[in-house]
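Asker: Give me a model of this one.
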Amino acid sequence: MARYTGPKTKIARKFGDPIFGTDKSFDRKNYPPGMHGINRKRKKLSEYGLQLKEKQKAKYTYGILERQFLNLFEKASRSKGVTGEVLLQLLESRLDNVVYRLGIAPTRSAARQLVSHRHITVNEKIVNIPSYILRSGDIIGIREKSKELHPIINSLSDNRSSYSWLEWDSSQMAGKFLNRPEREEIPENIKEQLIVELYSK
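Answerer: Residues are numbered from 1 along each chain as shown. Sure, this is the predicted structure:
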């Protein structure tokens with residue numbers, strides 16, 4: 001399956017959560033899509049269905065495919081700590097996600113595009129791999145030629161978010177990845193234990 005590029009509100013309504021960020025259309029219709037909408041009687045999901053839905057939600061939220069997601073899960077299961085929490089920490093440590101969290105891009109898909117098009121640097125070296133896993137102390141910057149790009153300037157001016165594991169220096173237009181976030185610091189509404197149970201079968 002290729003990366004999803006269809007209507008985002010439809011997917012957000014499917015999960016009952018604005019997983020792609022602020023969405024006025026979702027606010028108006030925060031019930032599942034379909035011609036019967038909110039009045040449709042839906043069967044109760046099985047345990048497997050709930051687990052699968054949670055995995056799909058995480059994949060859509062972070063914009064990654066099955067093979068990448070499985071690789072991250074296997075890496076998390078080999079690491080010390082609670083597997084589900086480590087999985088979310090790895091997802092948050094991806095370069096495209098950090099570019100989004102720092103406010104350099106308004107969405108994760110826009111952040112992925114900036115990275116792929118060689119606008120982003122890590123420790124002053126251009127990195128064009130969105131899935132690049134950052135380490136504590138890494139400096140995420142904007143390539144000198146790209147600092148005047150309107151999409152980047154507009155995104156930074158609109159950004160009001162701040163995260164305890166990230167540090168932003170507006171004078172240098174660069175951010176620092178301080179450490180992997182603790183579970184309670186990650187704002188995403190994902191039940192990671194269900195994902196662990198799914199892959200453990």
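Asker: Near K44, how many other residues are there?
Answerer: Taking other C-beta atoms under 10 Å as the criterion, the count of residues near K44 is 6. The way it works is simple: take the backbone N, C-alpha and C, and place the C-beta from them, glycine included.
Asker: In terms of helix, strand or coil, where does it fall?
Answerer: coil (DSSP: H, G, I helix; E, B strand; the rest coil).
Asker: From I153, how far off is K59?
Answerer: Look at K59 and I153: by C-beta to C-beta, to the nearest Å, they are 31 Å apart.
Asker: Domain boundaries for the protein, per the record?
Answerer: Structural domains assigned to the chain are 8-90+188-199, 94-179, following automatic domain parsing.
Asker: Lowest average pLDDT across these?
Answerer: With a mean of 80, domain 8-90+188-199 has the lowest mean pLDDT of these.
Asker: Between K59 and I153, which is the more surrounded one?
Answerer: A count of neighbours by other C-beta under 10 Å puts K59 above the other of K59 and I153, at 19 against 13.
Asker: and that one, what helix or strand is that in?
Answerer: Assessed by DSSP states H and E, K59 sits inside helix 47-62.
Asker: can you map out the strands along the chain?
Answerer: For the chain, the strands defined by DSSP state E occupy 120-122, 125-126, 138-142, 166-169, 174-177.
Asker: sorry, back to before: tell me how far the helix holding K59 lies from the chain's centre.
Answerer: Distance of helix 47-62 from the chain centroid (C-alpha atoms, centre = their mean, to the nearest Å) equals 14 Å.
Asker: Likewise for stretch 98-117?
Answerer: Chain-centre distance of stretch 98-117: 10 Å, with C-alpha atoms, centre = their mean.
Asker: Thought K147 was touching L114, still the case?
Answerer: No - counting by C-beta atoms under 8 Å, K147 is not a contact partner of L114; they are 12.0 Å apart.
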